[in-house]
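**Q** Build the 3D model from these lines:
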Amino acid sequence: MKRFWAVLAVLASVFTFAQEKEVNPPYYIKTITFVQNGQNMVPVFQLGDDIQLQFDDLQGSESNYYYHITHCDYDWKQSQLSINEYLTGFNDQRIIDYTNSLNCLQIYSHYRVTFPNKFTQLKVSGNYMISILNEDREVVFSRKFVVYENLVSVPLQVKRARQVNDTPYKHNMDFAIKSGTINFQSPLKNVKVMVLQNGRLNNALTNIKPMYTVGNDLIYKYDSETQFWAGNEFLYFENKNIRAATNTIAKVDTNSGLYGCYLYTNTARGSQPYTYWPDKNGNFFINNVNSTVPETEADYAWIYMSLSAPAFYENKNIYITGMFNNYALNDEYKMDYNEKKGLYEKAIMVKQGFTNYCFTVADSNGTIDNANAIDGNFYQTENDYMVLVYYRENNQRYDRVIGKGIASSVDIIN
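**A** Numbering: from 1, shown residues only. This next block holds a predicted model:
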């Protein structure tokens, strides 16, 4: 019996402190987004701000959904805090704010949950995971988000890569952490950073220590540790008038029972010169020109995409990604090669409006091949960058997020 309880204790600790991973939604859950002031947002919010999660259920049956919020450490493992230490109120509450679609070929129920609300308020900063559960308390999907306090300044500058071979293709981050209120204890151990490109949490740079300190200031001036592949400008399509062809949509039909939008064939841009292509750095906007409430009056459409890429990519996995699908690398967004046409093709269902997307090359394990990006890497590409600062004082039981810095490669310097 002693051995049994010992094994049980070990298993419990493994499950308790396992890394929290996002669960991708089933096919009938679409358009999951964090919203603030009516705009889709990168999931980074200041403590005390209103945070809203929205999503659509294409079953349209007004199903009951519940939310569960988990506080995590810097490395996305569940923190040591109990629920009442990071939440005021209750967890596992039913989402009561939902509305059915109106005048749409695709029926759906639109759900919204806002924090703080009368049942739940966040008390501390840090990494969080929100899980949406069904009536059987099974996880339908989950999303990461970060809550920060504004206690430090983080001057951030985007520079061209210092290595000659990388200069045309990468962006390098130079930044510092400064505070007049916090006297950092053991900064090499207690201060951590997370560097984001266009708000993506799935390719963040982590575990970077300060190169050196000047008094209480922490300085990061690395050659390679803080570099990103620059990529290219995002592609887009716009179908806010869902019946009309546009400069990105060749034709529209309703043969499938829903609107079908056929995009012009894209050509791999990696071997072409860089061309400025205005984008929203992967974001998307729901819109219907004939509606007053796009959240419930915008319809869904099948978007038929095709890509002409060199033979080099024939044995590689190519995915259609963007904020609209949380950059998911799964079969729903994996392109198929049509040998007869010599093209990669895929049909995906997307809510109408304006949508940024890109083509991502990855292996079967989900490792992204940025060096051989289909659309190439160009230092001229305009990207948004963010540095999040984490701090755990000696004997503290969780990682606080004490500030952030932001910059754009529009202001890149040598």
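**Q** And the pLDDT at the closest residue to Asn190 other than its chain neighbours?
**A** Once flanking residues are discounted, Asn190 sits nearest to Arg392: 5.3 Å by C-beta to C-beta, 6 or more residues apart in numbering. From N, CA and C alone the C-beta is placed, and that goes for glycine too. pLDDT recorded at Arg392 is 95.
**Q** what sits against Arg392?
**A** By C-beta atoms under 8 Å, 6 or more residues apart in numbering, Arg392 lies in contact with Tyr74, Asn190, Tyr398, Asp399, Arg400.
**Q** Kindly reformat the residues you listed as a markdown table and extend each row with neighbour count and distance to Ala230.
**A** Formatted as a markdown table, these follow (neighbours: other C-beta atoms under 10 Å; distance: C-beta to C-beta, whole Å):
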| residue | neighbour count | distance to Ala230 |
| --- | --- | --- |
| Tyr74 | 21 | 26 |
| Asn190 | 15 | 32 |
| Tyr398 | 19 | 35 |
| Asp399 | 21 | 30 |
| Arg400 | 21 | 31 |
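**Q** Just the residues you listed: which are in strands?
**A** By the criterion of DSSP state E, membership of the contacts of Arg392 in strands covers Arg400.
**Q** which one among the contacts of Arg392 gets closest to Ile208?
**A** Tyr74 (11.8 Å; C-beta to C-beta).
**Q** mind listing what the closest one touches?
**A** Applying C-beta under 8 Å, 6+ apart, we find Tyr74 in contact with Asn127, Lys192, Met194, Thr206, Tyr390, Arg392, Asp399.
**Q** ok, those residues vs Phe354, which is closest?
**A** The closest of the contacts of Tyr74, once distances to Phe354 are taken by C-beta to C-beta, is Met194, at 28.3 Å.
**Q** all helices for the stretch 101-250 of the chain, in order.
**A** According to DSSP state H, counting those that start in this stretch, the stretch 101-250 of the chain carries its helices in the segments 187-190.
**Q** ok, now how distant is the residue lying closest to Asp299 once chain neighbours are set aside from Lys240?
**A** Sequence neighbours aside, Cys104 is the residue nearest to Asp299 in space, at 4.3 Å (criterion: C-beta to C-beta, 6+ apart). As judged by C-beta to C-beta, to the nearest Å, Cys104 and Lys240 stand 14 Å apart.
**Q** Counting neighbours around each, name which of these two comes out higher.
**A** More crowded of Cys104 and Lys240, by other C-beta atoms under 10 Å: Cys104, with 21 against 18.
**Q** Look up phi and psi at Val410.
**A** Here is the backbone geometry of Val410 (degrees, to the nearest 10): phi -60, psi -30.
**Q** right, and Leu151 touches Lys178 too?
**A** No: contact criterion C-beta atoms under 8 Å: Leu151 and Lys178 do not qualify, at 10.7 Å.
**Q** returning to that earlier point: what would the contacts of Tyr74 look like in JSON lines with distance to Phe55?
**A** Shown next, in JSON lines, are the contacts of Tyr74 (distance: C-beta to C-beta, whole Å):
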{"residue": "Asn127", "distance to Phe55": "21"}
{"residue": "Lys192", "distance to Phe55": "31"}
{"residue": "Met194", "distance to Phe55": "25"}
{"residue": "Thr206", "distance to Phe55": "28"}
{"residue": "Tyr390", "distance to Phe55": "28"}
{"residue": "Arg392", "distance to Phe55": "33"}
{"residue": "Asp399", "distance to Phe55": "28"}
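**Q** which one of these sits closest to Ser408?
**A** Taking the contacts of Tyr74 together and measuring to Ser408 by C-beta to C-beta, the closest member is Met194, at 18.1 Å.
**Q** count of neighbours near that closest one?
**A** 21.
**Q** what sits opposite it in the beta ladder?
**A** Taking DSSP bridges as the rule, Met194 bridges to Thr206, Leu388.
**Q** Ser131: what's it in contact with?
**A** Ser131 is in contact with Val23, Tyr67, His68, Ile69, Thr70, Val139, Phe141, Ser142, counting by C-beta under 8 Å, 6+ apart.
**Q** rewinding a little: test my guess that the residue nearest to Asp299 contacts Tyr300.
**A** Yes: at 7.2 Å, Cys104 and Tyr300 qualify as touching, with contact defined as C-beta under 8 Å.
**Q** any low-confidence regions in this protein?
**A** 1-17 (pLDDT under 70).
**Q** Outline the domain layout of it.
**A** Domain assignment for the chain by automatic domain parsing gives 18-148, 156-230+380-411, 235-362.
**Q** so which of the ones you listed comes closest to Ile374?
**A** For Ile374, the closest of these is domain 235-362, at 4.5 Å, according to C-beta to C-beta.
**Q** circling back: now the domains of the chain as a markdown table including distance to Ile368?
**A** Formatted as a markdown table, these follow (distance: least, C-beta to C-beta, whole Å):
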| stretch | distance to Ile368 |
| --- | --- |
| domain 18-148 | 16 |
| domain 156-230+380-411 | 7 |
| domain 235-362 | 5 |
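**Q** which stretch among these comes nearest Asn372?
**A** domain 235-362 (6.0 Å).
**Q** How about the contacts made by Asp92?
**A** With contact set as C-beta under 8 Å, 6+ apart, Asp92 has these partners: Tyr66, Tyr67, His68, Leu133, Arg137.
**Q** Kindly supply the PyMOL command isolating those of these that are buried.
**A** To isolate the buried members of these in PyMOL, using 16 or more other C-beta atoms under 10 Å:
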select buried, resi 66+67+68+133
